[in-house]
Structure formats: C-alpha cells, structure tokens
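In: Just the structure for this:
(chains A and B)
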Amino acid sequence: MPRPIYLDHAATTPTRAAVLEAMLPYFGPRFGNPSSVHRWGREARVALDDARARLAASLGATADEITFTSCGTEADNLAVLGAWHAAAETPRRTVVTTAIEHKAVLAAVHAVTTLGGRERVLGVDADGCVTIAAVDAALGDDVAIVSIMWVNNEIGTVQPVQALARIAADRGIPFHTDAIQAFGKLPIDARTQPFDLLSISGHKIGAPKGIGALYVRRGTRLAPLLHGGTQERGLRAGTENVALAVGLACAAELATAEMAAEASRLRALRDALERALATSIPDAVVHGAGAERAPHVLALSIPGADGESLLMALDLAGVACSAGSACQSGSAAPSHVLTALGVAWAGAAATLRLSLGTLTTDDDIRHVAAVLPALVAKARGVGAVA
Amino acid sequence: MTGRVLVAMSGGVDSSVAAALLVEQGFDVVGVTMRLFCYGDEVPDRPCCSLDSIADARRVCDRLGVPHYVLDMADRFGHDVVADFVSEYAAGRTPIPCVRCNTFTKFRDLVRRADAIDARWIATGHYARIVDGTLRRGVDPRKDQSYFLWGIDRAVVARMRLPIGTLTKAETRARARALGLESVADKAESQDICFVPDGDHVAVIARHLGPDAPALQPGPFVDRDGRALGRHDGYARFTVGQRRGLPGGSTRPRYVIAIRPADRAVVIGTRDELLGHGVVARAINWLTDPPAVGARLTVQVRHHAAAARAELVRVDADEIEVALDEPVAAITPGQSLVLYDGDRLLGGAVIESAGRMRSALPLYAEALST
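Out: Numbers count the residues shown, from 1 in each chain, chains lettered A, B, ... in the order given. Now for the predicted structure:
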C-alpha cells in the first residue's frame, strides 16, 4: 500500500488532538444543557460562554456577535435568508452575489426568488475575481443583502472583501462573506474590516464536522431560520452543541495563532508544486493564476485527460485530492466556478484541486510532483474514443 | 497471473461475488460502478442515477477491503447504447442494448479506464467463461449470458476475467451468503433493461423522439398479401413473434411476422409464416479466426433460444449468412445472430433479415409453385 498523502484539506481536515482533548469532558461528565439552572447546566453554560468569547477574540469580535450553527452551510443560509427576511417590510427585496459562490450561498440566494425576491448574480473575470465596479453598479437601493465569498473553495482566489464591504457599508446594505476557506489563511479582523456577517466552518480548520458559526455585527438585522427556544439570542433555536462549540473555539485559536507561519509554509509548498507541475505538465492550466490566491489551494485543468480516471489513479497511488467540489451523484458536468471563469473546455479536461494543510509535508509535495505526470499521461488515453 | 483488476460492479449479487472471488484469488481488485443514465424527473419514485445500487456496490467493496469508485459514463452510454436503442425501434427493429453496452461501454470505454489505472484485467459478473483466451458459455444453461458478449474486441478477451461463469445462479447466491454479503445475496434479479423503467420502452422512445414520432403513430395491421386487418397504435410497440395486441377474429394463432416502417405497417401471419430457414446478419465481429464458408456451426438468434444447427454459407467483409438445418421461428431484425462451436463463442452479428436461403433439403415451396 503506498504511503497515503492527503491533499484535500479544502474538503475537510482531521480533528486536531488538542481540539479533541478539549471536547472530551463535554461528552463525559460535563454533559449538561446550558439552559439548565443546576450545576450541570451552569458548567455547560460557562463552557459555552467561554467558547463564544474565545472564538469572538479570534475574529476581532465581541462574544454577543457570535452565533453557533450546525455547519458552514447553515451559517451561510442564516446570513442570506435571515437578512433578506429581516428586510421584509422594506423595498429591499434583492440579493446580490457572485457566480462563483459555494452552493450554500448560491442556493440560498436562489431560494429568495421562490419567495417573491430577486437575485442579482455577478460574473467574474477570467481569474475568478469580481470587480469593484460590478459590485458598485449592482448595489442599488433595492438590495437587502450582498454575499461575496472571501476565498473561493474550488480555485482559491481572494475577493477584495474589504473594499467591497466598504461600498456596501456606505450604502447601508448588509455585507455577508463566506470566509470558510479564508479563516486561518488570511487575516480577519472585525474591528478593521467592515463586513457585517461572516461564516466559518469547524471542520475546515481542525474541529469536527457539525459545527459552524456566523459572525453578526451589532446592529445587523437578522431573522432566525429555526424557530423554537431563545438560544443564541433567538437567532438559532435548539440546544447548543457545547462540545463542538468548545472544539471550534479551540481550533480557531490554534489556527489564528499559527496563521502567519502556516500560511507562508503552505504558500511555499503550493508554489513549489505549481512550479514543478508547470514544467512536467506544460499544458496544465492553473486557475486563478493571475489573481491573489489563498496559500493552500492549487486548482489546475489538464486538457484531454479524463478527470475521473486521474482521481482514481491518484487515490490508488495513495494521493487524495478532488476534482473541485464533490457532488453526490458524481456528475461530470463542468463546475459552475470554471464555467463562470469562461473555461469552456473544462468538460474535456481533468480538473484537480490539490489543497494543503496541517498534514502536508515537504515530502508529500515532492512525491506528488514526482508521480502525477505519469498518471496524467495515462489519463490522457481515456478520452481517445472516436 | 494475478495483478490489478478493474471490476464493473452494479451492486447486484453477480458482480459482487465476482469481486469477492477475485479478492480470494489474490487479485488487486478495484471496484467501479458506472453511472450510465438518469431517469430525470419523469420517474419521480426511482432513485435517480442508481444511487441505491452505487451504495450497495460501495458497501460490498468496503466489506472486501478494496477501493470503489463511481464513473460517470452517461454521455458515451447515451450515444452508443440509448440513442441506438431508440433509432432501431424507429427503424422497425428490436435492439439488444446489453450487447452494445458490453461492446462499447464495458469492454471498450471501461477498458480505457483500466489502462489509466494500470489494471491489466477487467472483470464483470457475467455468466460466461474465459478458457484458454476464448469466450465460452457459462456452465449454468439457464443463466448463460455469452449471447450478449459477441461484440467485444477480440484483443480485449485476453484481458477479461469472468469469475462466476463456472457457477450456477444458486451457487452464486450461496457464495454471497458464505462471504457475508447478505445485503446483496438475495436481491431480486433485474429483468428489465437498466435504462427502461418498468419495461416501458415506448416511454423511452417517446422521450427521445417525441410523441409524434412515426414509430408511435397509428398504422395498419396487414397480412402478407396486403389485406388490411385493423389498426395499431404504433409499430414500436411490436416485435417479430409477438402475439399480444393483435386483432382477433382468426381461428389460427397469429403473430407479428414483420414490421414495415415505410407505411407503418405491422405484418401479421401464421406460425408457418414466422419460420425462417436462414439468417442474414451485419456488423460481424469475430472472436476467433473466421470459420470457412461451409463450416458447420450452432447458432442462436435470441437470448434463451435453443441453439440451432446451421451452415455458414456466405461471409462478406461485414455481412454473413447462415442456412439453418431446421427452420427457426421469429428471426428478428435488430437481435443478434451468435455463432458457436460447441460452447465456444466464435462471433456474432446483428440480424438483418431471415434469409431466403433454404437448407439442403428439397425446396418444396418452389416445387409447389411450379
């Protein structure tokens, strides 16, 4: 069995040992419900408050601005739909977003069109960036909420969130950013950056699946999606997941503390891999190469190669990566992100997303750079059916 | 001679046991499930894209400790198999999509995937055998599927493994239980064509060609002499040899004996008129060196038909003709003519027509007419 190499950190990450250890008491003796008045409840409440404060600190926020959710998708939905519903009594019925958002945002935005709202989906340039001029033109006085991701999950391009959020703020339009791939990779600080709503996800940063959070700037109006008790200041009913909230806070602190060193380490490894592949697979096209990119993602398309065969060959060689964002039915339709970039030939190419993270070593990168070209050469034979 | 083998797994018992046997034999097994079609919105109660079958195959592979992948081959399958299926019905013929799936999808396109992962071998759960590099009938006469395998490129046969061809269906199920594959051991047998839900091939044709397609429009029932006998509601609903759906009022059983798209006629006649004495077939594929004209063979004109003794009377580049020792009923354009020497598969072709050639017996029809 070949040595396994995990290059799919943008899909999910292993739960870090320190995070697991921090959570364990809440699966054991500290099992209380934070809403209970007795000592078990108090213990849980203290842990939850502490987790909220620690997560807030890692975002430059205050504790009351953090809402825990069950995942990043829920945070995105709460931001987009919550802000849209909260503006129900106003003429602001339009949601603005971009064509390269994660489906969690795109589908939530599209959902408003079934509720009487409108969507305005902005295109991006060939490097996968939305222009400031396009956003400026789109933010009319009919807009209830604008949602633009910080780092694209398929190609890693960085959007000018600070400048875009400033435009929205000047017009009194709430600005949401999906920062699920940005957190721990780029500096995020609610004190200096004028976003109003920001989503993060635990399992992308070393916490388990099943926990996310939405930053909600004080004064931002939001309607809940889940109705029930008054947990999370009424924004998210349901008994809080104390253990996972503790895990998320722990992972966020670690990611923030390590960010500067880890980002430059990953960037150096990513760039080395990119240079090696540019030489060994000269026709490979790196997506977003002309834009600012997060340090951990390398997305490339290889014309004439079969993507499914290449992923299979890589997995059999011990290398785990993905073809972009995973799809449950295994659909071979070109990704909506590449389509938005104008990569019309993506359907006739193998697209790989190699994403680096805590597990990635120099050896991993050297090994992948060495084995990938031969696997690509074999995957080029697959499509040769007349 | 072990090594890596790519196993096409449908999630059913046959391919599951095939994979398990190859693991036992020491092969480096890689399981794949092909996603070949999508019912779309028309069949809301079906799991779209065979997701249930994919989950079954994945579970079996997990149990066997081997990797499993899903390959989306719907584009090529749609082109090579579904489109042909529809156009054959439109041409008044009765296609066998399983033959084309084996020829083009499993043993051509999937072999390219095997090459990409350095798999020397390709395996399926067919009831047929590979013996000394030749294709043979499976040992279970009721399950033998060699009839569907005649179109495979001869060079690929050397790379095939068909591990359950030596088993009966009952033995396969028993092996599945013994291997702990209870989840698939007692699955019902699929009789339908995979992409034709509920056996309703007319619905598939209508979806592809539109409800106004000539094959789905009313037309006449006629007899051999052109006498009108009634109306039918689309010749695509009929196949040669069919009795269901024909007009009544005859004392003798009547059968469809031909379909004539030019005037949308379904020709009906007696049992005698259904008999053919020879077969002309096209798109010949040989799995062995071609036998000489005059060779004695056994042939099969339909899955589950009895093997018939015949003589090879003509071999052109693409077309062959055989003369049957005894007449055979319902020789149907679009079905396969498969040639055997004992249990060894020699090749096959797509039936074009029941040949006019009679065997060496006295040509009494001509004798009567003179």
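In: Flag every residue of the stretch 51-200 of chain B that's near chain A.
Out: With C-beta under 8 Å from any C-beta of the partner chain as the criterion, the stretch 51-200 of chain B meets chain A at residues B:51, B:54, B:67, B:69-72, B:74-76, B:108-109, B:112-113, B:115-118. Any C-beta I mention is one placed from the backbone N, CA and C, and that applies to glycine too.
In: Let's see which of these end up in strands.
Out: Under the assignment DSSP state E, these contribute B:69-72 to strands.
In: Of the residues you listed, grab the buried ones for PyMOL.
Out: Remark: buried members of those, expressed as a PyMOL selection using 16 or more other C-beta atoms under 10 Å in any protein chain shown:
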select buried, chain B and resi 69+70+71+72
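In: and the ones in strands among the residues of the stretch 51-200 of chain B next to chain A as CSV, adding distance to A:Glu308?
Out: CSV is the format used below for these (distance: C-beta to C-beta, whole Å):
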residue, distance to A:Glu308
B:Tyr69, 7
B:Val70, 8
B:Leu71, 5
B:Asp72, 7
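In: Farthest pair within the ones in strands among the residues of the stretch 51-200 of chain B next to chain A?
Out: Farthest-apart pair in these is B:Tyr69 and B:Asp72; separation 10.4 Å (C-beta to C-beta).
In: Report the set of residues contacting both of the two.
Out: A:Glu308 (C-beta atoms under 8 Å, 6 or more residues apart in numbering or on different chains).
In: Buried ones among the residues of the stretch 51-200 of chain B next to chain A?
Out: Applying 16+ other C-beta under 10 Å to these, the neighbour count classes B:51, B:54, B:67, B:69-72, B:74, B:76, B:108-109, B:112-113, B:115-118 as buried.
In: distance of B:Cys194 from B:Phe77?
Out: Distance of B:Cys194 to B:Phe77, computed by C-beta to C-beta, to the nearest Å: 10 Å.
In: same check, this time on B:Val313
Out: For B:Val313, the distance to B:Phe77 (C-beta to C-beta) stands at 36 Å.
In: try A:His102
Out: Separation of A:His102 from B:Phe77 (C-beta to C-beta): 31 Å.
In: what's the answer for B:Gly241, then?
Out: Here the criterion is C-beta to C-beta. By it, B:Gly241 lies 28 Å from B:Phe77.
In: Looking at these two, which has the bigger crowd around it?
Out: For B:Gly241 and B:Phe77, the more surrounded residue by other C-beta atoms under 10 Å in any protein chain shown is B:Phe77, and the numbers stand at 24 against 16.
In: Touching, the more buried one and B:Phe37? I think so.
Out: Yes. With contact defined as C-beta atoms under 8 Å, B:Phe77 counts as touching B:Phe37 (6.4 Å).
In: Now do the top helix by length along chain B: which elements does it pack against?
Out: Counting residues, the longest helix found in chain B (DSSP state H) is helix B:51-64. With contacts defined as 3 or more C-beta pairs under 8 Å, 6 or more residues apart in numbering or on different chains; DSSP states H and E, the packing partners of helix B:51-64 are helix B:13-24, strand B:28-35, strand B:68-72, helix B:182-185.
In: Is B:Lys143 in a helix, a strand, or coil?
Out: Following DSSP: H, G, I helix; E, B strand; the rest coil, B:Lys143 is assigned to coil.
In: Please name the nearest non-neighbouring residue to it.
Out: B:Tyr127 (4.1 Å; C-beta to C-beta, 6 or more residues apart in numbering or on different chains).
In: Can you give me the buried ones in the helix or strand harbouring A:Gly247?
Out: Secondary-structure assignment from DSSP states H and E places A:Gly247 in helix A:242-280. Neighbour-count burial for helix A:242-280, with 16+ other C-beta under 10 Å as criterion, is recorded at A:242-256, A:259, A:262-263, A:265-267, A:269-270, A:273-274, A:276-277.
In: what about residue 7, how many neighbours?
Out: Chain wasn't specified; assuming chain A. If you count neighbours by other C-beta under 10 Å, A:Leu7 ends up with 25.
In: my question was about chain B
Out: The number of residues packed near B:Val7 is 32, by other C-beta under 10 Å.
In: residue ranges with poor pLDDT in the stretch 1-150 of chain B?
Out: Counting by pLDDT under 70, the stretch 1-150 of chain B has low-confidence residues at B:39-51.
In: Let's see that with 90 instead.
Out: For the stretch 1-150 of chain B, the stretches with pLDDT under 90 are B:1-2, B:37-54, B:72, B:75.
In: same question, chain A
Out: Judged by pLDDT under 90, chain A has its weakly predicted residues at A:1-3, A:323-335, A:343-349, A:381-386.
In: Please apply the same query to the stretch 151-300 of chain B.
Out: Scanning the stretch 151-300 of chain B for pLDDT under 90 picks out B:180-194, B:197-199, B:248-252.
In: Show me the strands in it, by range?
Out: Along the stretch 151-300 of chain B, counting by DSSP state E, counting those that start in this stretch, strands occupy B:160-161, B:219-222, B:228-232, B:255-260, B:265-269, B:275-286, B:296-300.
In: Repeat that for the stretch 251-386 of chain A.
Out: Assigned by DSSP E, counting those that start in this stretch, the stretch 251-386 of chain A shows strands spanning A:285-286, A:297-303, A:319-320, A:349-355.
In: Could you give the number of residues near residue 56?
Out: Defaulting to chain A. Look at A:Ala56: counted by other C-beta under 10 Å, it has 20 neighbours.
In: wait, chain B
Out: By other C-beta under 10 Å, the residues close to B:Asp56 number 22.
In: Assess the claim that it and B:Gly11 are in contact.
Out: Yes. Using C-beta under 8 Å, B:Asp56 makes contact with B:Gly11 at a distance of 3.4 Å.
In: For the residue lying closest to A:Thr192 once chain neighbours are set aside, give me phi and psi.
Out: Distances taken as C-beta to C-beta, 6+ apart place A:Gly60 nearest to A:Thr192, at 7.2 Å, with adjacent residues excluded. A:Gly60 adopts backbone torsions of phi 70, psi 30, taken as degrees, to the nearest 10.
In: any idea how far A:Asp76 is from A:Gly60?
Out: 21 Å.
In: higher neighbour count, the two?
Out: Applying other C-beta under 10 Å to A:Gly60 and A:Asp76 shows that A:Asp76 carries more neighbours, namely 31 against 16.
In: any idea which helix or strand comes after whatever helix or strand that one lives in?
Out: Secondary-structure assignment from DSSP H and E places A:Asp76 in helix A:72-86. Downstream of helix A:72-86, the first helix or strand assigned by DSSP H and E is strand A:94-98.
In: Thanks a lot, see you next time.
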